[in-house]
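[1] Have a look; sequence and predicted model below, questions after that.
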Amino acid sequence: MALQNTKTERSSTRKKPLPPLRNFAAIDFETANRHPSSVCSVGVVLVREGEIREKLYRLIRPAPDWYSAFHSSVHGLTRTDTESAETFPSVWTEIAARISGLPLVAHFSPFDESCLRAAHQHYGLAYPDYLFYCTCRAARRAFPDLPNHKLPTVAARCGIQFHRHHHALTDAEACALVALATL
């Protein structure tokens, strides 16, 4: 099963599968509050030739810089965790160099893409129009019988050991493995 590109899905009525991805960066953001620009952590897993080659996890000082009780209860991060962290532009400069030329894969990519766009906009950074693929959509097609298509459920269906849901690196790694399993 090939992953579908979210841009292709939005702009075309054809649902022609794309060729399998063997080189990509799986990405996951966690946010501090309801603002998509408030990324407080990011996990990135680089896949080359179908193998996980590199993992990155960074805490980010969010913008706006406040934590909702709900968001903290989901991922466990608080202001104390990120008060001395770098801001998004500094963290993204490091990540952008590593993911250059790679498509991005996320589980429920509209969320992660909106965070990335919002953070770029908040800081006045040019958005390079990253190509996103969605493992949630791929899982809905591959496993229509699942009770839901949340990342832990899909990971379990693919036989992936998965702990610490909503930790950005753990989620990015599970997403990468789901992508490889559903290709």
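    Yes, it's here. Numbering: from 1, shown residues only.
[2] For this protein, which segments count as strands?
    24-31, 39-48, 51-59, 104-106, 132-134 (DSSP state E).
[3] Switch those strands over to JSON lines; also include mean neighbour count.
    All C-beta atoms are positioned from the backbone trio N, CA, C, and that covers glycine. JSON lines is the format used below for those (neighbours: other CB atoms under 10 Å):
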{"stretch": "strand 24-31", "mean neighbour count": "26"}
{"stretch": "strand 39-48", "mean neighbour count": "24"}
{"stretch": "strand 51-59", "mean neighbour count": "15"}
{"stretch": "strand 104-106", "mean neighbour count": "25"}
{"stretch": "strand 132-134", "mean neighbour count": "23"}
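[4] Reformat these as JSON lines; add distance to residue 76.
    Formatted as JSON lines, the strands of the chain follow (distance: least, CB to CB, whole Å):
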{"stretch": "strand 24-31", "distance to residue 76": "9"}
{"stretch": "strand 39-48", "distance to residue 76": "10"}
{"stretch": "strand 51-59", "distance to residue 76": "12"}
{"stretch": "strand 104-106", "distance to residue 76": "20"}
{"stretch": "strand 132-134", "distance to residue 76": "25"}
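[5] nearest to residue 77, of these?
    strand 39-48 (5.3 Å; CB to CB).
[6] Which neighbours in the sheet does the closest one have, and how are they oriented?
    Strand 39-48 pairs in its sheet with strand 24-31 (antiparallel), strand 51-59 (antiparallel), by DSSP bridges.
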